[in-house]
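Participant: the sequence isn't on hand, but the structure is:
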């Protein structure tokens, strides 16, 4: 059962697709307070006293465990390439928690501004949620076990909802509220190779050749910022790609798709089409005084398209046509937190500050200040107070949708509340960016996908770096700029079920790590996990060790694991579609199914994967195996590359299993089966009609 | 058996205390090559082809596992407060590895310059060791099993050397070569509270009061840079401490020792005694032109005492008298890698570079360059080429020692080789800092300890941040500026046996983490491990959450664990002394004893601790227990605080044990026992004659 609590005048984030009636009673479990922040502004704070064994799950893209209790998180989309296990904000804002306590419940805090989740960090027994203002829709999901309202006759596949735990039912009901997850084209479940630094056709062709030669399947290349003309969106570098269309087509004939990057910022340059159009139609974010806001990103100075303005969004989405017309059928939207290297205002201040130190002796205090100056210019939240979004056309459009019966998730009352939230202008409504920061990337990706449906009859692949709940309907996400660290592999493992709870099914991490230099063994263990993530991309920064799968020696070890990914695709695809249709998770913590077994609540390095499997990745260096806990009897299947080398029933309890670096362990649950096809060099050559089954009856 | 291979003209580092004859055959196992670096200078490179299951242990203070295979490390003492699992250099240079392969051996690369250890990072099957020049003493230790030359009739305690594994024998023989480890005063095994930011007596007194009130034992406070006058060594801030001597004495009456910090840099200030003396006697490091080298550290501009000059060292060591005379009986030497905030030359270059960007548009490339400029000024290895050490008096002194029969570890031939290594000057010999960088901190600490023995009849506590093998004879080390991360707790666990192999027994990490904000649970799990580390200090930076043990609530949970430390002290002290006397490790990987059990080689989160115990710390957040592997039947003893709550024999194999946040699990080995005293508020009130024994006969 879902209850909606409305506080103040919430902004319409478009996170939900159901318009739930307002609940008039107070939000249970929590103490609700209005507090005053340092700027004298009111904000909402919710507090709950926790029992020692209460647990908190969810929050999507964040560091830490599946159980996030004890840490503090700040939902505020941030470009954090150097993040560690104590980083409070990553690229996304996923404000859903699943609470396990005396009463289990789900809670979705739907507000586009910053939200601070103190999950027992400051006081180990106190959960507090602090908003940045007094406006929010808060959804409480509970008592799903008794009412079982998520039952839906039209579900896909052999849904075992009847036997689901209360946790799973809460999540499913929340997922129904926020709408069905994005389904990518089938080829996007293949292996994707990427690197910041592939410049010319020959770079791609060389790698493809090595993959083919070494029998490593591959379905796509990402194209990082290098492919563009001076980092301008919707351009192609003519020097490197004199015949881009021909190159796209040549690769497609090989079964390989190209996935160019699109950045949020549009370069300020006279004569550059996208810039000229944006200025002409007033589609860029503006300063308070109406001047287009200037921000430094890859191409130098840029303007930010106002993705919250539906007219601007439509225009930006249509701009992808330039590349779609050239045969492109996949994109990744980047830098859309938005990431900023500097604002003109911030840079000016930094220079003033720096120059004030010139010729001074640097002692303990000012040496640290000076060191931080230029760093703090980048991604400075203060800059978010310098520009505005124009909601005038968006609200008109929303009213029209309501009138036409096409609106989902909001009604006229919501529109009125939203208008109260916004700042009235001469012509309509605007809002300062910091107040709606978390839906910027969401709206960029929504803009693109909504136009893709008009521009192409084919399904287009799309994934984004920044996201907010609701964006899961329009595209996938990768988990941003991570590093070549064992800790980031484990983080990837623990993040997947949390992302799934928030609706993000098509997702995965930069396998091998984006920053830092990857070790051979780390790459092997990481691909042995990533073969299960729907988005499976190997990506790295230009200044790191080359990490294509043939770079480390013992190439067949890598090749075999990738071929296993392709063998697993019938299962992965079926389970993905079931998860979409039934609003379920593809990656599940063990307690989603084995909720009566106390042991499993603290097991975070084993996951249920679809209905049939439990996966147990090796995430420690120099290990030759690992301990696994079986909550019931299961069939252990070990692959060496894509070949089964062990297959035995193991009883409930703790076991040590040997897992060499080229091996992948799997467990098939009782009464379940795993269907495998033969591998092929790319997805379009897979024979999905000719399957082998490993069953544990 | 130890063989010494002499390459070129090695510097005398004073790491070893035995003068081993030169081996004329080539170093076995390795291919030895002379290579040319980018500057056209020759250097030595040693390569060894590894089998897939070969392992590499040792390297003391470094990140990564006990088995370090697959990573790259650079021995070059570096101030790295933000280190992560991929950091190549920490504060120390510990060039000893224990190799497990077809032939097991120990290898000590004794050279004071940079050494790059590529342990299968670049090529997973190739170990390479690259020196920065062609001069080194290399010691190979092997075949200890057969010859057992480390047998020593004068050993302390019930040494079970006869039953030692080959690994342990190799390490013991190496440890004999480098001399017996430092023994601190007994009180230094008590709990030490520290924080950058305790300013005045009332700060210390308030904390002591809280500790007493909450029944948390404590033996000492560290005093960070705040106690000094303008960060000047050998001064006390008179405003905060009008009667410093009285305060020291008042605390000592309470059983609490004060441990002030001493930094490597001496503030340039007319009228400041240490500065004036150093300039007068020419005891500071000089630039090529003879001018005293200027480097910015805490107090602003400073000079670096030339610790490699024995005359300067003696003077600096004598300077501690100022504080010893006031009742101080413990010190920590810091910033002695040396850490540098800037050199005048480096800062000038940085300004020139920064100013060249003024008024330019910042694009992709220069924005990153600009961001890094002032950061790269700090701890810049280029600065190490700007200053020199004067070895003239040191070599005279060494020759005198040889003549008097007092020299250990070198003879006249070594002196001659060393003179060939050095640069000849008008008056004697000098050497550019970068060539001997790794022995700077070692010599600061040696300087202090050698004078302490003249200045005080009592044993003085001393530990250092930077170190080189050999320094373990003169003081302990803490493992530098770490962070409040679960990963850093695990790093602490894995580092202890590696440090012990290199002779550093009195050591430990900043418990709770120096940087970052500590969670309650992390602090509880961390103290539950640190109660075993001889140096047990809770330390944090000024800008982090307060982390004294009464700050997190549930204070009795913390208090009980600290009281258990005190109950364990009879065992800790006895095992510490046995390890010193027998050149053994206090913390041992399981394979040191159970070398025939293949499983134990990859277990890195369980350690043998002394002769009787196996410890199994919980290092994961939100865990209520952990898996343990018993290589043989053992007695499981679980403490809740300092009280035994469980005590049962467990059989060989894998077990899940419950361990709540206020509990400490231990395993007593077969035929062994654990002696416990009653707890007390500080070590001097312990009754060591009245012991309880838990035995597993």
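Facilitator: Here it is on my side, so go on. These numbers were taken from a predicted model, which means no experiment stands behind them.
Participant: the closest residue to residue A:470 other than its chain neighbours: neighbouring residues, count only.
Facilitator: Spatial nearest neighbour of residue A:470, excluding adjacent residues (CB to CB, 6 or more residues apart in numbering or on different chains): residue A:15 at 3.6 Å. C-beta here means a position set from N, CA and C on the backbone, and glycine is covered the same way. Residue A:15: 28 surrounding residues under other CB atoms under 10 Å in any protein chain shown.
Participant: I'd guessed residue A:15 sits against residue A:175; true?
Facilitator: No. If you go by CB atoms under 8 Å, residue A:15 and residue A:175 don't touch, sitting 11.7 Å apart.
Participant: quick check: what element follows the lowest-mean-pLDDT helix or strand in chain A along the chain?
Facilitator: Least confident helix or strand of chain A, by mean pLDDT, DSSP states H and E, is helix A:144-147 with a mean of 58. Using DSSP states H and E, the helix or strand that follows helix A:144-147 towards the C-terminus is helix A:166-178.
Participant: quick one: buried residues of stretch A:425-441?
Facilitator: A:428-441 (16 or more other CB atoms under 10 Å in any protein chain shown).
Participant: my bad, should have said stretch A:24-38
Facilitator: Neighbour count says stretch A:24-38 has A:27, A:29, A:30 buried, by 16+ other CB under 10 Å.
Participant: wait, residue A:374 sits on residue A:350?
Facilitator: Yes. With contact defined as CB under 8 Å, residue A:374 reaches residue A:350; the gap is 6.0 Å.
Participant: which of the two has more residues huddled nearby?
Facilitator: The neighbour comparison of residue A:374 against residue A:350 (other CB under 10 Å) goes to residue A:374, with 27 against 19.
Participant: what's the spacing between the more buried one and residue A:385?
Facilitator: 20 Å (CB to CB, to the nearest Å).
Participant: elements contacting the helix or strand containing residue A:245?
Facilitator: Per DSSP H and E, residue A:245 falls inside helix A:244-253. Applying 3 or more CB pairs under 8 Å, 6 or more residues apart in numbering or on different chains; DSSP states H and E, we find helix A:244-253 packed against helix A:201-213, strand A:257-263.
Participant: and residue A:199, how far is that from residue A:548?
Facilitator: To residue A:548, residue A:199 is 15 Å away according to CB to CB.
Participant: more neighbours, the two?
Facilitator: Taking neighbours as other CB under 10 Å, residue A:199 and residue A:548 compare with residue A:548 leading, 20 against 15.
Participant: show me the shaky parts of chain A.
Facilitator: A:145-163, A:362-364 (pLDDT under 70).
Participant: ok, the residue nearest the centre of it - contacts?
Facilitator: In chain A, the centroid-proximal residue (CA atoms, centre = their mean) is residue A:477; its distance is 3.3 Å. Shown in contact with residue A:477 (CB atoms under 8 Å, 6 or more residues apart in numbering or on different chains): A:61, A:91-92, A:463-465, A:467, A:471, A:499, A:504, A:506-507, A:535.
Participant: highest neighbour count among those?
Facilitator: Ranked by neighbours (other CB under 10 Å), the contacts of residue A:477 are led by residue A:467, which has 35 neighbours.
Participant: my guess is that one contacts residue A:92, does it?
Facilitator: Yes. With contact defined as CB under 8 Å, residue A:467 counts as touching residue A:92 (4.5 Å).
Participant: common neighbours of these two, please.
Facilitator: A:61, A:77, A:441, A:477.
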